[in-house]
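**Student:** what follows is a predicted protein model with its sequence.
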Amino acid sequence: MSPPLEAPVETRLARLSPVAQWGVLVGLTAILSALLGYAQFPAQFLIGPMISAVIVGVNGATVRLPKRSFNVAQGMVGILVGASISVGIVAAFLDDWYVFLAAVLGTLVASSVLGWLISSWKIMPGTTGVWGSLPGASTAMVLMAGAFGADARLVAVMQYLRLIFVSLAAAIIAKLWVAPTGVSINAPAWFPSIDWIPFLLTLAVVLAGGASGRALRLPSPFFLGAFILAVALHLGGGISFQLPEWLLATSFTAIGWTIGLDFTRPILMHAFRALPQIAASILALMAICGAIAWGLVQVFDIDPLTAYLAMSPGGLESVAIIAAASKNVDLSFVMALQMARLLIVLMFGPAISRFVARHVRE
């Protein structure tokens, strides 16, 4: 994670005991997460804790989560992403690989150019603009950006702001375009009965993935190590994992708190000053993805809403829910293109950031 740019400001919050500071942070997190959930905002258990941590962090809070908690949380996210890659998605990709490849490369080029412009115009420092513009799993991009020297705090601002823009736009377009299927999205079971073998295997993959990631000197070793191991076991061995909602929410909260508590007043003011440019870059990427979706409709005769949701630059979970609840949408096509883009970004994101950094310096 990026270090704070200045020492914590001596405030009334800073003079509280660590227990009291944690109490303030937990209470604020509960309130904001509940409000975001009520408003049906995406990633409420990540964005709510992060905003709460930013608030207490810039007001002088001195508490920090142990680094081990953050590492375990990264491993949980790695398993979540890895286990979401199913045989059906792989089969859908192989059926229309040239369509997916063209669409993904078009999106990747567009996001890279936007990131390069943000970096060249000094809107964001270093390669922060590149990582913030890459369309993929937002949490994964934040975790990997920090490992490659970008400012994870500003990357988080860019990624999660785009997540909100994209999810809201997809929901509105789906509602206006077609009638819902009547499929109800059930509320998750927070405390399901534990299936001990998959659950213990999940914990083992977190530990083994982190250890192997460090041994192989992978960037963001805890996330990528668990991700690679989960994909190998899930696709190669048909092994299932158990990630109950309470565990995922705890992991997201740990990541949100770790990122948010590193914010300082200067970095927050920089983010506020750059908001118009960040919003413009998000809207530009959404427009480009919309144009590519239109091209898919014209060239390959794909259903318009299917093409739009498949090209949506982020918000994988929200897009999946919207697609499942909409008529005539090819869910396997949507998920295959989204996952193909995620995997390509994970593989080539570091190379893109280094390429842009070299040309920005030049």
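**Tutor:** Received it, and whenever you're ready, just let me know what you need.

**Student:** now do the helices in the stretch 101-250 of the chain.
**Tutor:** For the stretch 101-250 of the chain, the helices defined by DSSP state H, counting those that start in this stretch occupy 128-133, 138-147, 152-177, 196-215, 221-231, 237, 245-261.

**Student:** and the closest residue to Leu101 other than its chain neighbours, what does it touch?
**Tutor:** Leaving out its chain neighbours, the residue that sits closest to Leu101 by CB to CB, 6 or more residues apart in numbering is Ala340, at 7.6 Å. Where you see a C-beta, it was placed from the backbone N, CA and C, and this is true even at glycine. Contact partners of Ala340, counting by CB atoms under 8 Å, 6 or more residues apart in numbering, are 93, 100-101, 104.

**Student:** as TSV, the helices of the stretch 101-250 of the chain with mean neighbour count and mean pLDDT would be great.
**Tutor:** Conversion of those to TSV gives the following (neighbours: other CB atoms under 10 Å; pLDDT from 0 to 100):
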stretch	mean neighbour count	mean pLDDT
helix 128-133	30	86
helix 138-147	26	77
helix 152-177	21	77
helix 196-215	17	92
helix 221-231	25	87
helix 237	8	79
helix 245-261	22	88
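
**Student:** output stretch 76-91 as CSV, restricted to C-alpha atoms.
**Tutor:** Extracted as CSV, the C-alpha positions of stretch 76-91 are listed here (Å, rounded to 0.1, in the frame of the first residue of the first chain):
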residue,chain,number,x,y,z
MET,A,76,-10.2,-14.4,-0.4
VAL,A,77,-10.8,-12.1,-3.3
GLY,A,78,-8.4,-14.1,-5.5
ILE,A,79,-10.5,-17.3,-4.8
LEU,A,80,-13.7,-15.4,-5.5
VAL,A,81,-12.5,-14.3,-8.9
GLY,A,82,-10.8,-17.6,-9.7
ALA,A,83,-13.8,-19.7,-8.8
SER,A,84,-16.1,-17.6,-10.9
ILE,A,85,-14.4,-19.0,-14.1
SER,A,86,-16.6,-21.9,-15.0
VAL,A,87,-16.3,-24.6,-17.8
GLY,A,88,-19.4,-23.0,-19.4
ILE,A,89,-17.7,-19.6,-19.7
VAL,A,90,-14.6,-21.2,-21.2
ALA,A,91,-16.8,-23.1,-23.7
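
**Student:** next one: it to chain centre, how far?
**Tutor:** Stretch 76-91 sits 15 Å away from the centroid of its parent chain (CA atoms, centre = their mean, to the nearest Å).

**Student:** got the buried residues for that stretch?
**Tutor:** 76-85, 89 (16 or more other CB atoms under 10 Å).

**Student:** ok, residues contacting that stretch?
**Tutor:** Here stretch 76-91 makes contact (CB under 8 Å, 6+ apart) with 137, 139-140, 143, 202, 205-206, 209, 222-231, 234-235, 240-241, 243, 247-248, 251-252, 255, 332, 335-336, 339, 342-343.

**Student:** ok so, going back, who wins for proximity to Val58 among the helices of the stretch 101-250 of the chain?
**Tutor:** helix 245-261 (9.2 Å; CB to CB).

**Student:** by contact count, what packs against the helix or strand following that closest one?
**Tutor:** Note on helix 245-261: by DSSP states H and E, the next helix or strand toward the C-terminus is helix 265-300. Where contact means 3 or more CB pairs under 8 Å, 6 or more residues apart in numbering; DSSP states H and E, helix 265-300 is packed against helix 44-58, helix 97-120, helix 128-133, helix 152-177, helix 304-311.

**Student:** helices or strands up against the longest one?
**Tutor:** What it means is helix 152-177. helix 44-58, helix 128-133, helix 138-147, helix 245-261, helix 265-300, helix 304-311, helix 316-324.

**Student:** quick one: the fifth one to helix 97-120, angle?
**Tutor:** It refers to helix 265-300. Here helix 265-300 runs at an angle of 150 degrees relative to helix 97-120 (axes from the mean of the first three to the mean of the last three CA atoms, to 10 degrees).

**Student:** so the residue nearest to Leu101: helix, strand or coil?
**Tutor:** With DSSP: H, G, I helix; E, B strand; the rest coil as the basis, Ala340 sits in helix.

**Student:** roughly how far does it sit from Asp96?
**Tutor:** 10 Å (CB to CB, to the nearest Å).

**Student:** circling back: nearest to Ala310, of the buried residues of stretch 76-91?
**Tutor:** Out of the buried residues of stretch 76-91, the member with the shortest distance to Ala310 (by CB to CB) is Ile89, at 11.9 Å.
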